[in-house]
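In: when you get a sec, could you give me coordinates for this:
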Amino acid sequence: MITYRQRITMVPISANTQAILLLTSPLHLGRSGQQAALLTPGEYKKLARFLRQEGLQPADLLTEELHALLEKLEPIIAPERLQGLLGRGFQLSQAVEHWQSRAIWVLSRADAEYPKVLKVRLKEDSPAVLYGCGNKNLLDSVGLAVVGSRHVDDSLIEYTENIGRLAARSSLTIISGGARGIDQAAMRGALENGGRVIGVLADSLERAALNRENRSYLLEERLVLISPYDPAAGFHVGTAMQRNKLIYAFADAALVVSSAFQKGGTWTGAIEQLEKLHLTTLYVRSGSDTGQGLNALRQKGALPWPEPITPEELQELVSLQRAPAQILDNQPELALGVHEELIPEYKTALQNQTIVSSAVKQIPSGSTTGEDEQYQLVRLKVAELVIPKTAAEIASELRLPPKEISKWLDRLVKENVLVKKGKPAKYFPPEAELPLEF
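Out: Predicted coordinates:
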């Protein structure tokens with residue numbers, strides 16, 4: 001019988017992923033190893049764009065094709081530096097063997113198993129590489145992010161554990177950062193009650209993968225630990241801040257249980273989400289003892305947590321706030337006219353900009369009935385397109401007549417919100433014209 005650990009170690013790393021690792025990973029063994037001049041995320045983004053435009057993939061850099069490309073690539077990366085990074089094959093083989101002996105897997109954006117939710121929400125800013133341990137299938141599950149301070153009293157720990165328990169009963173995945181305090185309380189509450197958890201770590205993935213407390217949950221495939229950083233990387237304030245956006249990107253709704261005011265990772269991550277990223281709906285704990293930090297987040301657009309009690313209430317809360325386009329999928333009556341009971345949630349999602357696409361953020365305020373209502377619904381739907389679709393396909397999903405949908409799609413093309421290409425004609429946002437493949 002093949003064990004879970006054996007299944008992990010038998011998974012090969014694709015040639016594309018090997019190339020991306022050589023370019024972006026320090027390939028540390030233990031906590032030693034000399035730092036190479038790795039590509040920064042910005043440099044790798046430029047390289048990926050170049051390769052797509054040339055009809056190439058990262059794996060082509062490991063072939064004779066490289067020599068013909070060195071001159072063209074020089075504005076992005078010096079030839080000597082590129083060849084030095086790609087020449088670390090022996091170091092890569094040692095690192096991969098080391099990771100696999102600890103049941104750590106590696107995914108790059110070139111892999112089919114790479115979380116689709118990150119590609120959709122973060123697009124080119126999604127990490128080039130993810131390291132992980134545990135059930136990869138959890139990464140695209142519906143979930144609630146729960147974050148907060150490290151140093152909190154016992155009452156908040158119990159409160160947070162209860163949220164984890166309720167998420168487990170609701171068949172929702174908890175997403176958190178694995179830090180002591182609120183993060184670990186939410187994860188513990190879910191795992192100890194049969195739930196599922198995504199732990200997004202800023203450091204020490206290797207140590208967490210070997211942790212005895214995590215082992216049984218990893219083997220039961222109810223826990224997945226991931227990090228965009230080398231499995232042996234230690235704690236650094238900068239990486240801790242950067243991983244916050246991954247927590248929000250994985251989540252269909254997020255709850256801040258506690259936060260300091262204008263300082264700390266929880267505050268910084270929440271502010272970035274509210275003012276810049278707009279990846280998901282952000283809630284803060286409600287009540288009379290919330291403190292200055294949570295009150296300030298409320299003033300900046302966070303919503304009060306409605307304190308769901310039953311699994312059904314939590315499921316409805318998370319599914320309603322995934323994004324207006326997904327609200328439309330689940331509530332077809334919105335496509336036909338105004339549904340009075342759901343309009344508050346719909347407006348709240350718009351007002352708090354809980355949509356990924358920049359096109360959605362530009363929706364004009366005003367009437368929410370008649371033709372303007374239909375136009376806004378169509379615009380919300382197409383803003384989420386990753387794969388180009390025909391007018392008939394979009395009409396079917398929105399339950400609108402094809403002739404009616406074509407009018408709105410042509411308007412969106414004129415407004416440069418959409419691109420129209422091919423026979424039969426397909427529509428997609430301009431930023432989706434070059435699919436993110438690696």
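In: please make it C-alpha for all contacts and neighbour counts, starting now.
Out: Will do.
In: quick one: the strands in this structure?
Out: Residue ranges of the strands in the chain, as given by DSSP state E, are 105-108, 129-134, 143-147, 173-176, 196-200, 223-227, 253-256, 282-284, 303-304, 389-390, 419-421, 426-428.
In: among these, which is nearest E43?
Out: strand 129-134 (14.1 Å; CA to CA).
In: quick one: which of the strands of the chain is nearest Q273?
Out: strand 282-284 (7.9 Å).
In: what packs against the closest one?
Out: strand 253-256, helix 291-299, strand 303-304 (3 or more CA pairs under 8 Å, 6 or more residues apart in numbering; DSSP states H and E).
In: what mean pLDDT does stretch 211-223 get?
Out: For stretch 211-223, mean pLDDT is 95.
In: OK, contacts around G234?
Out: Shown in contact with G234 (CA atoms under 8 Å, 6 or more residues apart in numbering): D203, S204.
In: return the backbone torsion pair for it.
Out: phi -90, psi 180 (degrees, to the nearest 10).
In: distance of it from E206?
Out: 10 Å (CA to CA, to the nearest Å).
In: check G199 too.
Out: G199 is 13 Å from E206, by CA to CA.
In: now swap in Q100 and tell me
Out: 11 Å.
In: looking at these two, which is more packed in?
Out: E206 (23 against 19; other CA atoms under 10 Å).
In: hmm, that one is touching A232, no?
Out: Yes - at 5.8 Å, E206 counts as touching A232 under the criterion of CA atoms under 8 Å.
In: hey, which of the strands of the chain is tucked in deepest?
Out: Mean neighbour count (mean count of other CA atoms under 10 Å) peaks for strand 173-176 among the strands of the chain, with a mean of 31.
In: contact partners of it?
Out: So strand 173-176 is contacted by 138, 141-147, 164, 167, 183-184, 186-187, 190, 195-200, 247, 250-251 (CA under 8 Å, 6+ apart).
In: that strand pairs with which strands, parallel or anti?
Out: strand 143-147 (parallel), strand 196-200 (parallel) (DSSP bridges).
In: possible to save those strands as a markdown table with distance to A179?
Out: Shown next, in a markdown table, are those (distance: least, CA to CA, whole Å):
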| stretch | distance to A179 |
| --- | --- |
| strand 143-147 | 9 |
| strand 196-200 | 9 |
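In: the ones you listed: which one's closest to L223?
Out: strand 196-200 (4.9 Å).
In: average pLDDT for the closest one, rounded please.
Out: In the prediction, strand 196-200 has an average pLDDT of 98.
In: extract the CA atoms of it and return them as PDB.
Out: These are the backbone C-alpha positions of strand 196-200, laid out as PDB (Å, rounded to 0.1, in the frame of the first residue of the first chain):
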ATOM      1  CA  ARG A 196     -10.000  21.700   6.800                       C
ATOM      2  CA  VAL A 197      -7.200  24.300   7.000                       C
ATOM      3  CA  ILE A 198      -4.900  26.100   4.600                       C
ATOM      4  CA  GLY A 199      -1.900  27.400   6.600                       C
ATOM      5  CA  VAL A 200      -0.100  30.200   4.600                       C
END
